[in-house]
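Undergrad: Predicted structure and sequence below. I'll ask about it afterward.
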Amino acid sequence: MQLHKRDVVDAATTLLDNYGMADLSMRRLARELAVSPGALYWHFANKQQLLGAVADRILANVDDVSADWGVRVAAICGQLRDALLSHTDGAELVSASFAAGQSEAMAQILSWLADAAAVAGVDSAHAATAARTVLYYVLGFTADEQSRLQWDAAGADLPDEQSVLGADPGRRFDFGVQLLVDGIAARRILPV
């Protein structure tokens with residue numbers, strides 16, 4: 001049987017979902033696919049490239065929306081959070097891939113957010129920074145949310161303010177996004 005790139009990404013995504021980021025290794029992936037580790041390197045030069053492909057798979061359904069810039073930012077953020085939460089350690093994996101410059105999907109999302117900031121009136125020198133700030137918020141919030149979900153699932157006795165089950169993370173997330181949208185609006189270039 002010939003091994004295809006999509007088969008490798010499928011198996012890596014399954015390993016991520018079943019065991020988490022810590023157990024997603026090239027050696028384990030090769031074992032799951034019943035191939036030598038070298039066979040994986042035919043498709044991916046290194047683990048970072050593989051993780052980038054998995055990140056792109058996770059983010060495949062995140063899409064730009066035609067709307068007012070603030071609604072656009074909030075919609076992209078909501079889709080991104082949902083995508084990250086749909087996979088075990090999704091935020092951690094996507095964050096690592098983004099930091100390594102390995103995710104084409106994250107580069108596209110960053111571009112959409114920078115465009116929205118520019119449409120909002122943020123000068124071109126700061127639109128990309130505004131977009132990165134929004135992405136960092138979504139990645140950080142969702143990584144924290146996933147950690148708390150794992151602690152709750154393990155039966156940890158967390159204080160109510162620490163427990164995902166004792167709070168509404170969706171409302172807290174939306175509040176934070178709105179703070180960022182308000183901040184972007186405050187950075188508009190005012191006509192002279």
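TA: Everything's here; your move.
Undergrad: mean confidence for the biggest helix by length in the chain?
TA: When the chain is parsed with DSSP state H, its longest helix is helix 124-153. Averaging pLDDT along helix 124-153 yields 89.
Undergrad: how about the helix or strand containing Leu113: buried residues?
TA: Here Leu113, judged by DSSP states H and E, is contained in helix 104-120. Of the residues in helix 104-120, 105-106, 109-110, 112-118, 120 count as buried by neighbour count, 16 or more other CB atoms under 10 Å. Placement of C-beta: from N, CA and C, glycine included.
Undergrad: Report the residue ranges of every domain in this protein.
TA: Per automatic domain parsing, the domain ranges recorded for the chain read 5-56, 61-186.
Undergrad: what's Phe173 in contact with, if anything?
TA: 77-78, 81, 141, 145 (CB atoms under 8 Å, 6 or more residues apart in numbering).
Undergrad: which pair in the buried residues of helix 104-120 spans the largest distance?
TA: Ala105 and Ala120 (22.8 Å; CB to CB).
Undergrad: hey, where'd the helices end up in this protein?
TA: Going by DSSP H, the chain shows helices at 5-19, 26-33, 37-40, 47-58, 69-85, 90-99, 104-120, 124-153, 169-186.
Undergrad: Out of the ones you listed, which one sits most buried?
TA: helix 90-99 (a mean of 23; mean count of other CB atoms under 10 Å).
Undergrad: looking at the domains of the chain, which has the lowest confidence?
TA: Across the domains of the chain, the lowest-scoring stretch is domain 61-186, with a mean of 90.
Undergrad: Compute the first-to-last residue distance for that domain.
TA: One end of domain 61-186 to the other measures 30 Å (CA to CA, to the nearest Å).
Undergrad: How much space separates Asp82 from Met106?
TA: According to CB to CB, to the nearest Å, Asp82 stands 15 Å off from Met106.
Undergrad: let me redo that: Ala22
TA: 21 Å.
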